[in-house]
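Asker: Sequence first, predicted model second:
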Amino acid sequence: MPDWGRMSATEMLHHVADFGDLYFGEIKVNLITRFAASLLGLFFLRTLITKSPLGGTPRNLRTIPEIKASKGEARDWELGLKRVGAMFNRLEAMNTKIQNHPLYGRMYTSDFKALVLHHTAHHFHQFALI
């Protein structure tokens, strides 16, 4: 059982993988979300990255619909583990200095990686996995 929130552990895995897919530009978001991210995104990211994912990150923030774990595939634990593992492999393979984020624009790869790992650690902490 999670320490907070409504996702199951399997849904969390798929949510984390979906977050990675969003950052890699494979999930498209609506115009309103992109506009809000362009206005507030950098402030939000700078604030978030200074907090510990093990308790300092706000809990129960609203998840954008594009990365809510879908009920169909989110029931498959093994697929969720494979998707998260593939996300980690993609992060490790990144070797350029700048990434083009679909919401926030140009980002340093180190910040890109840090945010994906921060989000993952936050949710692993939610289920007492770290």
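Answerer: Cool, got the structure.

Asker: Assess the claim that residue 28 and residue 103 are in contact.
Answerer: No. Between residue 28 and residue 103 there is no contact under C-beta atoms under 8 Å: 10.4 Å. Where you see a C-beta, it was placed from the backbone N, CA and C, and this is true even at glycine.

Asker: which one of the two has more residues nearby?
Answerer: residue 103 (18 against 10; other C-beta atoms under 10 Å).

Asker: Next, the contact list for the nearest residue to that one once chain neighbours are set aside, please.
Answerer: In this structure, residue 103 finds its nearest non-sequential neighbour in residue 37, 3.7 Å apart by C-beta to C-beta, 6 or more residues apart in numbering. With contact set as C-beta atoms under 8 Å, 6 or more residues apart in numbering, residue 37 has these partners: 29, 103-104.

Asker: and these as TSV, adding distance to residue 50, secondary structure and pLDDT?
Answerer: Output for those, formatted as TSV (distance: C-beta to C-beta, whole Å; DSSP: H, G, I helix; E, B strand; the rest coil; pLDDT from 0 to 100):
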residue	distance to residue 50	secondary structure	pLDDT
29	25	coil	83
103	19	coil	78
104	16	coil	78
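
Asker: Closest one of those residues to residue 54?
Answerer: Distance to residue 54 across those (C-beta to C-beta) is lowest for residue 104, with 23.7 Å.

Asker: tell me which of the contacts of residue 37 is nearest to residue 78?
Answerer: Checking the contacts of residue 37 one by one against residue 78 (C-beta to C-beta), the nearest turns out to be residue 29, at 27.7 Å.

Asker: how far away is the closest one from residue 124?
Answerer: Distance, residue 29 to residue 124, by C-beta to C-beta, to the nearest Å: 24 Å.

Asker: same question, residue 33
Answerer: Residue 33 is 25 Å from residue 124, by C-beta to C-beta.

Asker: same thing with residue 7?
Answerer: Taking C-beta to C-beta, one finds residue 7 at 12 Å from residue 124.

Asker: Averaging pLDDT per element, find the lowest-scoring helix or strand in the chain.
Answerer: Sorting the helices and strands of the chain by mean pLDDT, DSSP states H and E puts helix 31-49 at the bottom, at a mean of 75.
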